[in-house]
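Novice: prediction below, plus the sequence it came from.
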Amino acid sequence: MRKTIVFNHKSLADLGVFISGEGVFNAPERDEESVSIPGRNGELTIDNGRYKNLPLKYPAFIATNLKTNAEALRNFLLTQSGYQRLEDDYHPQEFRMAKWTGGFNAEPVPELWAAKFDLTFTVCPQRYLKEGEQVIELNEAATITNGNQTTALPLLRVYGTGTLSIGGTRIQITEANDYTDIDCQLQEAYKDSLETNCNDNIILQDEAFPKLVPGENEITFTGINKIELTPRWWIL
C-alpha cells in the first residue's frame, strides 16, 4: 500500500504524492552544552532541559498527472507559513508540528512518466499522540495517569470561578464569562482564542502553569463547576 503525508490537514495523496519511510524514525537531540574548566580534566555538561528541532526528509514521488500535480504541490507548499500539523502513514497514531523548509527539485523519471524528489521539513521534537487530543471531562476530583516518560502540558477549559490544583500546582480563576481556556503550553489564559486574553483573571501559584508528569496526577478543585482537560500526551 502506498504511503503519503497529511500537511496542514491536506492529504498530499490528492496531489498524487507518495513517500517512502526512510528517515521518518529519527530521534531528536537533547540540548546540552559542554563547558571546559581550566585545571580540571574532562568537561562539564549543562543540560538545558529540552530537545532540539530536527530535520525530517521524506523521499517522495509523483506517479500521475506529473505536470499538473507538481505545480499544485509547489503552489500548496509555498502558501504554508509557520508550524503546521504533519501526519504520515508510517505513524498513524501520531502527529508532529512542522514547517516546510523550502526547496522543490523534482527529478523526472521519463520511462515511468513520473518524478522523484525530497520533501524536507523542520519538526518539533514532540511526537504528539492522537489519543492525547481526547477531552477528559471532570466533574469532581480525580487522578489522571500519564503513562509516558514525558511531561505533558495540557489545555484546560475551566467552567466558573474557584481554585484548581493539578499535581500540587494551583491556579485561582477570579473571573469568568462562563468558562476560561488555560493553555499550559503557551502559558496563556483566554476564551476561545488568544485575541480574547484572560491572563488578568487567573492567579498562578509560584508563577507556574500545571503539567501532567509521568505517573499519577491528582486533580482537585473547589468552586469550579466542571473542567474539560485535553492532556496532549507526547513521546520522543
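Specialist: Looks like it came in fine. Numbering: from 1, shown residues only.
Novice: which parts of the protein are helices?
Specialist: Applying DSSP state H to the chain gives helices spanning 66-78.
Novice: any stretches of it with poor pLDDT?
Specialist: 22-25, 27, 31-32, 34, 39, 41-42, 44-47, 108-113 (pLDDT under 70).
Novice: could you rerun that using 90?
Specialist: Along the chain, segments meeting pLDDT under 90 span 1-2, 20-52, 63-67, 70, 101-117, 168, 205-207.
Novice: ok, now how distant is T79 from A72?
Specialist: Look at T79 and A72: by CB to CB, to the nearest Å, they are 11 Å apart. From N, CA and C alone the C-beta is placed, and that goes for glycine too.
Novice: compare these two (neighbour count), which wins?
Specialist: For T79 and A72, the more surrounded residue by other CB atoms under 10 Å is A72, and the numbers stand at 17 against 8.
Novice: who's in contact with that one?
Specialist: A72 is in contact with L15, counting by CB atoms under 8 Å, 6 or more residues apart in numbering.
Novice: switch to 10 Å and redo it
Specialist: Counting by CB atoms under 10 Å, 6 or more residues apart in numbering, A72 touches 12, 14-17, 62, 65.
Novice: how about G160?
Specialist: Neighbouring residues of G160 by CB under 10 Å, 6+ apart: 173, 176, 178-180, 221, 223-227.
Novice: ok, now C184?
Specialist: With CB under 10 Å, 6+ apart, C184 has these contacts: 152-156, 166, 169, 171, 208-212, 232.
Novice: what touches both of T79 and A72?
Specialist: With contacts taken as CB under 10 Å, 6+ apart, T79 and A72 have no neighbour in common.
Novice: related to what we said a few turns ago, which of the contacts of A72 lies closest to I37?
Specialist: Proximity of the contacts of A72 to I37 was ranked by CB to CB; the top entry is L12 with 50.6 Å.
Novice: tell me how many other residues crowd the closest one.
Specialist: Neighbours around L12, by other CB under 10 Å: 23.
Novice: how close does it get to V35?
Specialist: Taking CB to CB, one finds L12 at 44 Å from V35.
Novice: then D14?
Specialist: For D14 relative to V35 (CB to CB), the value is 50 Å.
Novice: more neighbours: which of those two?
Specialist: Using other CB under 10 Å as the criterion, D14 and V35 rank with D14 on top: 13 against 9.
Novice: name the nearest residue to I173, ignoring sequence neighbours.
Specialist: Of all residues not flanking I173 in the chain, T161 sits nearest, at 4.8 Å (CB to CB, 6 or more residues apart in numbering).
Novice: K130 versus the one you found, what's the distance?
Specialist: Going from T161 to K130 by CB to CB gives 32 Å.
Novice: between those two, who's got more neighbours?
Specialist: Remark: of T161 and K130, T161 carries more neighbours, 16 against 13, as counted by other CB under 10 Å.
Novice: pull the contacting residues for that one.
Specialist: 172-176, 180, 201-202, 223-225.
Novice: try 8 Å
Specialist: By CB under 8 Å, 6+ apart, the neighbours of T161 are 173-176, 223-224.
Novice: could you export those residues as CSV, including distance to G49 and neighbour count?
Specialist: Output for the contacts of T161, formatted as CSV (distance: CB to CB, whole Å; neighbours: other CB atoms under 10 Å):
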residue, distance to G49, neighbour count
I173, 29, 24
T174, 31, 13
E175, 33, 10
A176, 33, 19
G223, 34, 11
I224, 31, 21
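Novice: which ones are touching the nearest residue to N105 once chain neighbours are set aside?
Specialist: Closest residue in space to N105, ignoring its immediate chain neighbours: F117 at 6.0 Å, by CB to CB, 6+ apart. The contact partners of F117, by CB under 8 Å, 6+ apart, come to 60-62, 104-107.
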